[in-house]
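**Student:** Kindly generate the corresponding structure for this input.
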Amino acid sequence: MARTLTLAAATLAFAGLSAPAFADIVTKAVEYDVGGTAYEGYFAINDAAGDDQPLVVIVHDWDGLTDYEMRRAEMLAELGFAAFAIDAYGKGVRPTTLDDKKAESGRLYKDRELFRERLMGGLKAATGMDGVDDEDVVVIGYCFGGAFVQLFACDFAIAADDAQFGLSEVNWGILPGGLVGKVIVDGLSYRDAVWYAMTGEPFDGRKAAEIKLISKSVPADKLHETTMELAQSLCRKNPQTLRTIKESLRLVRGMSVDQAADYLLAKEREMRFMDPESGRAKAMKQFLDDKTYRPGIGEYRRDEA
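**Tutor:** As a prediction, this is how the structure comes out:
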């Protein structure tokens, strides 16, 4: 069963992979529907690499899906990955002027739900392709595409120690793009936000973790292993509880103490009512009666009655 994991890996390591024969690369345009609107992505796969190939989903720059992303999909297929370049604007919508690019990308930055819907629609189309492993998926992007990916993968972010970050817009004589200015002052300390936005100074994964731009950084050769360990840990926990925690933490940040107290009490009651596993009752039984687990050490056993 496919599981969507909200994980962002800032670096992909392809070392040690041998490239399959180029003659077996198959590419095609793929039309798919999101909310009644047609979109056209681009798919590349190596027929010689067998079934259940790991999938890389590519999110384009602010000029739409172009030859650049298509070539990247083909390069990934040459390395043994299936690759799907999504279309965030709609079939045939390929802005060419600066004003058109600003208009198309700006509309998505302002409407986060539409932003998310289009990304998830592209992801659904990608994971539905023949020959892909829909449980082994990585998303990458460029500039506008990169911000697009961060919006989707905002709960956890793990990067390689030597991954490179930066807010280069000041070097262009422009403001940080879209809502980046808002995001960095909300997510970073004010001093760090001002420093990197006004200097354009690049920084690595270790510094990104230190200033809390990301959750943590690890050596590049441990990146996949670390993200999978986190994913597997989350899969062992109660999904309704995880959903409620995430929703609650996002919303209480803007509430007063009194508002937060009322809201969190209501969410706790909602969680118990909505949980098909009756997780709280099961956990209390295992802890108090069966004495088979300790909450401070690990999660309760979801598969036990």
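
**Student:** In this model residue 60 seems to touch residue 119, though I could be wrong.
**Tutor:** No - using CB atoms under 8 Å as the test, residue 119 is too far from residue 60 to be in contact (11.3 Å). In this view, the C-beta of every residue, glycine as well, is placed from N, C-alpha and C.

**Student:** what residues do the two have in common as contacts?
**Tutor:** The contact sets of residue 119 and residue 60 overlap at 86, 88 (CB atoms under 8 Å, 6 or more residues apart in numbering).

**Student:** So, low pLDDT: which residues of the stretch 151-300 of the chain?
**Tutor:** Residues of the stretch 151-300 of the chain that meet the criterion pLDDT under 70 lie in 151-154, 177-179.

**Student:** now the strands: where do they sit in it?
**Tutor:** Secondary structure of the stretch 151-300 of the chain (DSSP state E, counting those that start in this stretch): strands located at 156-160, 164-165, 203-204, 216-218.

**Student:** Specify which residue of residue 119 and residue 60 has the higher count of neighbours.
**Tutor:** Each of residue 119 and residue 60 has its neighbours counted (other CB atoms under 10 Å); residue 60 has more, 27 against 24.

**Student:** What are the phi and psi values at the more buried one?
**Tutor:** phi -80, psi 170 (degrees, to the nearest 10).

**Student:** The residue nearest to it when sequence neighbours are not counted: neighbouring residues, count only.
**Tutor:** The shortest distance from residue 60 to any non-neighbouring residue, by CB to CB, 6 or more residues apart in numbering, is to residue 69 (4.8 Å). Residue 69 has 25 neighbours, counted by other CB under 10 Å.

**Student:** quick one: residue 69 from residue 26, how far?
**Tutor:** Taking CB to CB, to the nearest Å as the measure, residue 69 falls 17 Å from residue 26.

**Student:** and the longest helix seen in the chain, which residues are buried?
**Tutor:** Secondary structure assigned by DSSP state H gives helix 257-274 as the longest helix of the chain. For helix 257-274, a neighbour-count test (16 or more other CB atoms under 10 Å) marks 264, 267, 271 as buried.

**Student:** How is the chain divided into domains?
**Tutor:** Split into domains by automatic domain parsing, the chain comes to 7-234, 238-289.

**Student:** hmm, who's touching the longest helix of the chain?
**Tutor:** Around helix 257-274, the neighbours that count as contacts under CB under 8 Å, 6+ apart are 240-241, 244, 247-248, 251-252, 255, 278, 280.

**Student:** out of these, which are buried?
**Tutor:** 240-241, 244, 248, 252, 280.

**Student:** Grab the two from the residues you listed that are most spread out in space.
**Tutor:** 252 and 280 (20.3 Å; CB to CB).

**Student:** Can you verify my assumption that residue 115 contacts residue 108?
**Tutor:** Yes - Residue 115 sits in contact with residue 108 when judged by CB under 8 Å, with a separation of 4.5 Å.

**Student:** Next, the contact list for residue 28, please.
**Tutor:** By CB under 8 Å, 6+ apart, the contact list for residue 28 reads 42-43.

**Student:** Tell me which entries of the buried ones among the contacts of helix 257-274 lie within helices.
**Tutor:** When DSSP H is applied, the buried ones among the contacts of helix 257-274 are split such that 240-241, 244, 248, 252, 280 fall in helices.

**Student:** rewinding a little: test my guess that the residue nearest to residue 60 contacts residue 42.
**Tutor:** Yes - the criterion here is CB under 8 Å, and residue 69 meets it with residue 42 at 7.0 Å.
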